[in-house]
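Colleague: sequence and computational prediction follow.
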Amino acid sequence: MSKLIQLTTHSSAKGDLTVFEKILPGEIKRAFYIYNVASVSQQRAMHGHRKESNALIAVSGKCRIFVTNGKEESYFYLTMPSECLVIEPGDWHIIDEFSKETILLVLSNETYDPSDYFFDRP
């Protein structure tokens, strides 16, 4: 099941530096970000992956993620750039409640493969 983790952040008078390392299995093979979402009620994702793991970070703004694997379900709220939601293979998710300034960074340990997606909620 997906889990919310706190990323290591180094703060100083110069600003904050947040580190992302050794979070996903394997290496990061793809990165993309979601922004300029039309409205707070807009839903994104509505799918899961068979093999792929994802790490979601709201580098700006905030959003909510609903996750289920068919046995467990949870809501997660990303409100700080030091929070990271790791979505495991087999977890189906919906992303919504985007604030206007949200930039959601998604890191993946796989390249894009349409056959890895499933759309039916478990």
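Modeller: Alright, I've got the coordinates. These numbers come from a predicted model, not from an experiment. Numbering: from 1, shown residues only.
Colleague: how far does stretch 4-22 stretch from one end to the other?
Modeller: End-to-end span of stretch 4-22 (Cα to Cα, to the nearest Å): 14 Å.
Colleague: what's next to that stretch, contact-wise?
Modeller: Applying Cβ atoms under 8 Å, 6 or more residues apart in numbering, the contact partners of stretch 4-22 are 23, 55, 57, 76, 81-86, 107. All C-beta spots, glycine's among them, are computed from the backbone N, C-alpha and C.
Colleague: can you pick the most crowded of those residues?
Modeller: Counting neighbours by other Cβ atoms under 10 Å, Leu85 comes out on top of those with 25 neighbours.
Colleague: quick one: contacts for that residue?
Modeller: Contacts here follow Cβ under 8 Å, 6+ apart; on that basis Leu85 touches 2-5, 55-57, 65, 67, 76, 78.
Colleague: cool, Ser108 as well?
Modeller: 24, 28-31, 52-55.
Colleague: which residue sits closest to it, ignoring its sequence neighbours?
Modeller: The shortest distance from Ser108 to any non-neighbouring residue, by Cβ to Cβ, 6 or more residues apart in numbering, is to Arg30 (4.2 Å).
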